[in-house]
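Asks: Show me how the following folds:
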Amino acid sequence: MEKINKTALKDFIPQWEDIKGVSLDSRDTKEGDLFLAFKGSQTDGNNYIKEAFSKGAVAVLSDSILEPTEKVFRLHSLKSDLGKIISNVYENPSKKLKLIAVTGTNGKTSTVEFLSGMLNQKEAKCGYLSTIGWCLDGVNIQTKPSLTTPNSLEINKQLSLMNSIGMEYAALEASSHGLDQGRLNGLEINTAIFTSFSQDHLDYHKTMENYAASKKKLFFDSSPKKSVINIDNNLGRDIYSELKASNSVACSVSEFQEADILYTCFRDDLKKIVLKVSSPFGNEEIKLNTYSKYLAVNALCSIISLVLEGFELKELAYSTSAIKFSKGRMSPIKLDDNNLCFIDYAHTPEALEFALKELRSLGESTLWCLFGCGGERDKLKRMEMGKVSKLYSDKVVLTNDNPRGEEPSLIIEDIMKGIESNNDIKVELDREKAIDYCLTEMMGNKKKNILLIAGKGHEEYQEVNGKKKEFSDFIQVEKFLEEV
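Replies: Below is the predicted model:
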């Protein structure tokens, strides 16, 4: 049973001293729970009050019930105050550790997991909540494919569990959806990191202005004690300028702009990334276990956030090359002496462009790009991804990503709108067959080839017509190699 701070409820339901938990979903309600009923974007929790009582709820806090009773209490501001209420109920777990929150269009997962790896290597225990998985102790991963920031209740439960097992730090992905919906409200953020900004999620936010505003909430609504900002994009520069104008503690990172932390990038003998860093904290060469400059810069933001926590830059630089990056983030697979394959989660125009540019810089090879776009998501980016794929690769193979409820051929049509010439374009909707086609062609032409399989990365399923079927880009490549 999770420990509850019952005194946080006294202003609303002071007579209920036997509350044992909190629930937001009547289906998850347990004996002794307080059920929080409010109108959400999809459903209204007030319609499930009766079900919550049948499951054992001892009281309900509602945002709109017309006739409160001895067991049902009304708080009009429940939805906006939800995070604060839940944080208080769980005795404010974010105040008992140092919480580092990461936002940006691309790079959140790699930054969060790199942070945890670095801190645990330094024996400063750190758990994390990412879209790939949750790791409460820095070692054992619990897969939770929610694809977004968990709700306030789940965040506080997990942070409370981290407290109970002695974690000193926690790293959290702050998605635009989560920020817009106030899921981080009530948390005490020690450090906020901003990685990047480009087009994505316009199916939800509608405009880039709305999308940018959601990202800014982490820095201006959550009031972090410190911030690390990549300013090689317009939004990053705006956030940094506003933070400095308000005398907030903020550190800028850039390759091109005047910044607190400047870096240049080159490759070692194995083609891995090395960053040469100039900063007020010292000048260091930081070797990273990745082929991707993009991932390396996210890692640098992580490193600087730890420097702001009191770690020495020189000491951190010694150990970076031992840290592994997230599965499906530019993960290499050697096919044979002439051919390489990289599996990457790139699912935005910017991420796809950066991935292809990085692979192009690895040497003279025919560059293949296999990707699709998710159904029922931002349609406006499809044409841009088509344009990017054709511009930066030699061969393009279009296939299914997660079409969900959309007609796959129509998704391909949207992508093709960004491609002026159909030369060197192949369409194969069956992702398994598409991967096999690329590998067969590459390994049979006796030339040097590099294949980027983009869009799904770590995912181990495909979502088609509301159903998820098992599918992994990694397993498909391995299966092909076993059969050749």
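Asks: drop to CA atoms for contacts and neighbour counts, all remaining ones
Replies: Will do.
Asks: residue boundaries of the helices in the stretch 251-400 of the chain?
Replies: For the stretch 251-400 of the chain, the helices defined by DSSP state H, counting those that start in this stretch cover 293-308, 313-319, 349-360, 380-392.
Asks: Out of the ones you listed, which one sits most buried?
Replies: Mean neighbour count, computed with mean count of other Cα atoms under 10 Å, is highest for helix 293-308 among the helices of the stretch 251-400 of the chain, reaching a mean of 23.
Asks: tell me the angle that helix makes with helix 349-360.
Replies: With axes from the mean of the first three to the mean of the last three Cα atoms, to 10 degrees applied, the angle from helix 293-308 to helix 349-360 works out at 110 degrees.
Asks: Return helix 293-308 as PDB; C-alpha atoms alone will do.
Replies: In PDB, the C-alpha atoms belonging to helix 293-308 read as follows (Å, rounded to 0.1, in the frame of the first residue of the first chain):
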ATOM      1  CA  LYS A 293      26.000  14.300 -33.800                       C
ATOM      2  CA  TYR A 294      22.400  14.900 -32.900                       C
ATOM      3  CA  LEU A 295      22.500  12.400 -30.000                       C
ATOM      4  CA  ALA A 296      25.900  13.700 -29.000                       C
ATOM      5  CA  VAL A 297      24.600  17.300 -28.600                       C
ATOM      6  CA  ASN A 298      21.700  16.000 -26.500                       C
ATOM      7  CA  ALA A 299      24.200  14.200 -24.300                       C
ATOM      8  CA  LEU A 300      26.200  17.400 -24.000                       C
ATOM      9  CA  CYS A 301      23.100  19.100 -22.600                       C
ATOM     10  CA  SER A 302      22.800  16.300 -20.100                       C
ATOM     11  CA  ILE A 303      26.400  16.700 -19.100                       C
ATOM     12  CA  ILE A 304      26.100  20.500 -18.600                       C
ATOM     13  CA  SER A 305      23.000  19.900 -16.400                       C
ATOM     14  CA  LEU A 306      25.200  17.700 -14.200                       C
ATOM     15  CA  VAL A 307      27.900  20.300 -14.100                       C
ATOM     16  CA  LEU A 308      25.300  22.700 -12.800                       C
END
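Asks: That one packs against which elements?
Replies: Packed against helix 293-308, as judged by 3 or more Cα pairs under 8 Å, 6 or more residues apart in numbering; DSSP states H and E, are the following elements: helix 108-121, strand 191-194, strand 226-230, strand 273-279, helix 313-319, helix 349-360.
Asks: where along the stretch 101-250 of the chain do the strands fall?
Replies: Taking DSSP state E, counting those that start in this stretch as the test, the strands found in the stretch 101-250 of the chain are 126-129, 134-135, 141-142, 169-173, 191-194, 226-230, 249-254.
Asks: Show me what the mean pLDDT comes to for the fourth one.
Replies: Averaging the model's pLDDT scores along strand 169-173 yields 94.
Asks: still on that earlier bit, how about the helices and strands packed on helix 293-308 in JSON lines, adding distance to residue 185 and mean pLDDT?
Replies: What follows is these, written out as JSON lines (distance: least, Cα to Cα, whole Å; pLDDT from 0 to 100):
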{"stretch": "helix 108-121", "distance to residue 185": "19", "mean pLDDT": "90"}
{"stretch": "strand 191-194", "distance to residue 185": "14", "mean pLDDT": "96"}
{"stretch": "strand 226-230", "distance to residue 185": "17", "mean pLDDT": "96"}
{"stretch": "strand 273-279", "distance to residue 185": "33", "mean pLDDT": "96"}
{"stretch": "helix 313-319", "distance to residue 185": "32", "mean pLDDT": "92"}
{"stretch": "helix 349-360", "distance to residue 185": "29", "mean pLDDT": "93"}
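Asks: will you turn the ones you listed into a markdown table that also has distance to residue 337?
Replies: A markdown table is the format used below for these (distance: least, Cα to Cα, whole Å):
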| stretch | distance to residue 337 |
| --- | --- |
| helix 108-121 | 29 |
| strand 191-194 | 39 |
| strand 226-230 | 37 |
| strand 273-279 | 21 |
| helix 313-319 | 30 |
| helix 349-360 | 16 |
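Asks: care to break this structure down by domain?
Replies: For the chain, automatic domain parsing gives the domain ranges 6-79, 93-322, 331-483.
Asks: which one of those domains has the lowest average pLDDT?
Replies: domain 6-79 (a mean of 85).
Asks: re the thing from before, now the strands of the stretch 101-250 of the chain as TSV including distance to residue 474 and mean neighbour count?
Replies: Converted to TSV, the strands of the stretch 101-250 of the chain look like this (distance: least, Cα to Cα, whole Å; neighbours: other Cα atoms under 10 Å):
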stretch	distance to residue 474	mean neighbour count
strand 126-129	23	29
strand 134-135	21	22
strand 141-142	19	14
strand 169-173	24	28
strand 191-194	29	28
strand 226-230	31	27
strand 249-254	33	22
